[in-house]
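> Okay, predicted coordinates and the sequence, questions at the end:
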Amino acid sequence: MTTTTLAVLVPLLPFLGAVAGLLLGRTAPGFVRPLAVLPTLAALVLAVLVAARQGGGPAVDAATELTPTGSVPIELALHVDGFAALVAVLVGCVATCVQLYSTGYLRHDPRYPSYAALVSLFTSAMFLVVYSGDLMVLLVGWEIMGICSYFLVGHYWETPEARAASLKAFLVTKLGDVPFLIGLLALASDTGSFRITRVLGAVASGSLDHPTPIALLLLAGVAGKSAQFPLHTWLPDAMAGPTPVSALIHAATMVAAGVYFVARLLPLFEASQAAMTVLAVMAAVTMTGSALAALAQDDIKRVLAYSTIGQLGYMTGALAAGDRGAAVFHLLSHGAFKALLFLAAGVIIHAAGTNSLAAMSRMGNLRDRVPDAYWTMTVALLALAAIPPFSGFFSKESVLVAAEHAAGGHSAHAPAAAGWTVLVAGLLTALLTAAYATRLWLLAFRGRGAEVPDHGRQPLVMNAVLWVLAIPSLALGGLAFRLLPDWFDGGDLTPTLTTAVLGTGVALIGGIVTYAAWRHTTALAARVPLGAVAAHPEADAGQVEAEAIASHRPAYGDVALAPDPADPGRLLLGPLHRHAAAGFHLDALYTALFVRPVRAGASLVRFLDREVVDTYVRGAGTLPRWLGTAVRRAQTGNVQTYVSALLAGTVVLAVAAVLVATGA
């Protein structure tokens, strides 16, 4: 079987699994779990085979014209280079782990069949984005992921939080997709093709007429899909969906698509200094702002959501520095440890019995309750904080090295200002990342929350998935920075002494200062009586999550609890804490600038339609109704009356005729 055939089967198998799951979900429920897991697992195996055959060598290209368009052709094209091969392996690995984990996490959920089918469709769409060699076909996968995220984030649609989050995710990403589509059409108009290889060839030959507006239009779509400032606000709210969905979106699909798109078309963006500068500023603001917001969140999944936004900022920062190898290296590393963080958070949510977006300040000492989650999450948090020798250290260092290289004026495409912007923001974010990672670990596993009824051990498959993901979180970085350059254009990914010392130093400072603040606040904190949450030991994690979202109240009892005074984030951020916890009020700003004017306009249109347009419509109907009433009253049914009226009319007509004749 050729490499091209294998690559075609990779997105096709999950798609067929999704279709079969939707068709057989109700009639043959026994097939739902095999149809969820086996096609995705088979796609992973085939993606590994494709990567092994591609081997970091020349790209595998194949194309056939989809349909004659009369102008720019649209082709079913494959373009599998080293980047695509490795990202596809990441997508398959994380998707398989999520499907396996979900068989335990949502084992009693009545909507599991549709959930599993949508996850498979989501996976298929991301594979399509990764392997596609045609921008229009890539756009199909791009938009399918958008609609899948709408349904999956709104899985618990009975609750207003889930409905609002799914709608917000859909609308914000579509807000970016409109200029994205315009940019794709403008790019095809300039280059005469949607084929990625031909587009890059046109860029290399200098025949692209409008690189800056095209690049900026495309960046709007990337900002929406990859949750970058200012279109990042949908991602924290998307935590209202099931935790495995969060792992899938954050680690290998959806948000990774924007970064991957820029990496694939990086020469296009490098053709515009303005676009590279905008990309650098966007990355810097995203990194630092999201890290500050993460330090202020009390909700474990929102901490991880803001963490994802910040780590994506590192990736876009590497791209702004002109190094797509570093960006994709961090994408791979981040995919492993972020999937682990979310899936471990799912175990913690069940064990703590807290509300769906588990309030860390209300957690008890969970170390002995969930030992598998404790050890694996510790590994993932160390990788997130970029502590050597964990994988995050090597990938984050590659980003800082790229920024240092650009800042020194050694990059042929990235301006030095962009390099300095990314470098300074990256070091500050490294400090803040270690701080919020340490805070999460302390509050979740050494917190002083109330003891809750034990839900029992998690299903074996859930704990097994955690340990599987812990392996790349620990070992991927040390192996990858030696092996990946052959796959990534030969660029050097080895850490340098300067960035390694600076990055690790600020991370250690952030962790130590946070620990000291936690010790100080714990010693001074007054005892806050915390009740026990009602729990059902037989419930699975998905039920705990769904019931808690629906409760609309604090997890422990019916009484609203004061903020935990032992939270080190409050001490570290001081007066900034309130603003950071609210995401720096961007949602309120967007409400004032966009939502309220739109609603006011809608109210005006409704008023005009009801009071003006409907008045004319009602008037147009009233006159015929009056005429009909008059005619109806004349229809008495009395023949004598009709004959009298006929004679009277005849007389009137005769008189009129005489008068006319006389006048003539």
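That came through, no problem.
> Give me the phi and psi angles of residue 67.
phi -160, psi 150 (degrees, to the nearest 10).
> can you pull the contacts of the nearest residue to it once chain neighbours are set aside?
Excluding the flanking residues, the one nearest residue 67 by C-beta to C-beta, 6 or more residues apart in numbering is residue 74, at 6.6 Å. Placement of C-beta: from N, CA and C, glycine included. For residue 74, the contacting residues are 65-67, 134, 136-137, 194, by C-beta atoms under 8 Å, 6 or more residues apart in numbering.
> Any regions of the stretch 351-500 of the chain where pLDDT drops low?
352-358, 364, 448-457, 478, 480-481, 490 (pLDDT under 70).
> mind listing the strands for it?
Using DSSP state E, counting those that start in this stretch, no strands are found in the stretch 351-500 of the chain.
> Show me what the lengthiest helix in the chain is packed up against.
Using DSSP state H, we find that the single longest helix of the chain is helix 160-191. With contacts taken as 3 or more C-beta pairs under 8 Å, 6 or more residues apart in numbering; DSSP states H and E, helix 160-191 sits against helix 135-153, helix 196-204, helix 211-225, helix 234-237.
> Kindly calculate the angle that it makes with helix 211-225.
160 degrees (axes from the mean of the first three to the mean of the last three C-alpha atoms, to 10 degrees).
> can you give me the angle helix 160-191 makes with helix 135-153?
Using the same axes, to 10 degrees: helix 160-191 against helix 135-153 is 180 degrees.
> Let me see the mean pLDDT of helix 160-191.
For helix 160-191, the mean pLDDT works out to 93.
> how about it: buried residues?
For helix 160-191, a neighbour-count test (16 or more other C-beta atoms under 10 Å) marks 161-162, 165-166, 168-170, 172-177, 179-188, 190-191 as buried.
> sorry, back to before: which one of the helices and strands packed on helix 160-191 lies closest to residue 519?
Residue 519 lies closest to helix 234-237 among the helices and strands packed on helix 160-191, at 28.7 Å (C-beta to C-beta).
> helices and strands around the helix or strand just after that closest one, which ones?
Downstream of helix 234-237, the first helix or strand assigned by DSSP states H and E is helix 243-251. Secondary-structure packing of helix 243-251 (3+ C-beta pairs under 8 Å, 6+ apart): helix 82-105, helix 112-131, helix 135-153, helix 300-320, helix 324-352.
> The shortest one: how far from the chain's middle?
Right, the one you point to is helix 135-153. How far helix 135-153 lies from its chain's middle: 11 Å, per C-alpha atoms, centre = their mean, to the nearest Å.
> Can we start the residue count at 50 from this point?
New numbering, starting at 50: the last item is helix 184-202.
> Can you check what angle separates that helix from helix 161-180?
Going by the same axes, to 10 degrees, helix 184-202 makes 150 degrees with helix 161-180.
> same question for helix 184-202, mean pLDDT?
Helix 184-202 shows an average pLDDT of 94 in the prediction.
> buried ones in that helix?
184-188, 190-195, 197-202.
> hang on, residue 447 packs against residue 370?
No: using C-beta atoms under 8 Å, residue 447 is not in contact with residue 370, being 10.4 Å away.
> Other residues contacting stretch 384-392?
Under C-beta under 8 Å, 6+ apart, the answer for stretch 384-392 is 139, 142-143, 146-147, 150, 292-293, 295-297, 299-301, 305, 350, 353, 356-357, 360, 425-426, 428-430, 432-433, 439-441, 511, 514-515, 518-519, 521-522, 525.
> Go again with 6 Å.
With C-beta atoms under 6 Å, 6 or more residues apart in numbering as the contact definition, stretch 384-392 has outside contacts at 139, 143, 150, 292, 295-296, 299-301, 353, 425, 429, 432-433, 518, 521-522, 525.
> Same check on stretch 79-90?
Residues outside stretch 79-90 that contact it (C-beta under 6 Å, 6+ apart) are 62-63, 66, 69-70, 73-74, 144-145, 148-149, 152, 162, 165, 172.
> same thing but at 8 Å, please
Under C-beta under 8 Å, 6+ apart, the answer for stretch 79-90 is 62-63, 65-66, 69-70, 73-74, 141, 144-145, 148-149, 151-152, 161-162, 165-166, 168-169, 172.
> How about stretch 528-537?
By C-beta under 8 Å, 6+ apart, stretch 528-537 touches 105, 131-132, 134-135, 373-374, 377-378, 381-382, 440, 443-444, 447, 540-544.
> Go ahead and confirm residue 422 touches residue 399.
No: taking contacts as C-beta under 8 Å, residue 422 lies outside contact range of residue 399: 9.5 Å.
> any common contacting residues for these two?
By C-beta under 8 Å, 6+ apart, the residues touching both residue 422 and residue 399 are residue 507.
> How about the contacts made by residue 130?
Counted by C-beta under 8 Å, 6+ apart, residue 130 has contacts 103, 108-109.
> and residue 540, how many neighbours?
18 (other C-beta atoms under 10 Å).
> got the contact list for it?
372, 374-375, 534 are the contacts of residue 540 under C-beta under 8 Å, 6+ apart.
> before we move on, what about residue 96?
59, 134, 137-138, 140-141, 176.
> again, but for residue 224
Residue 224 neighbours (C-beta under 8 Å, 6+ apart): 273, 280.
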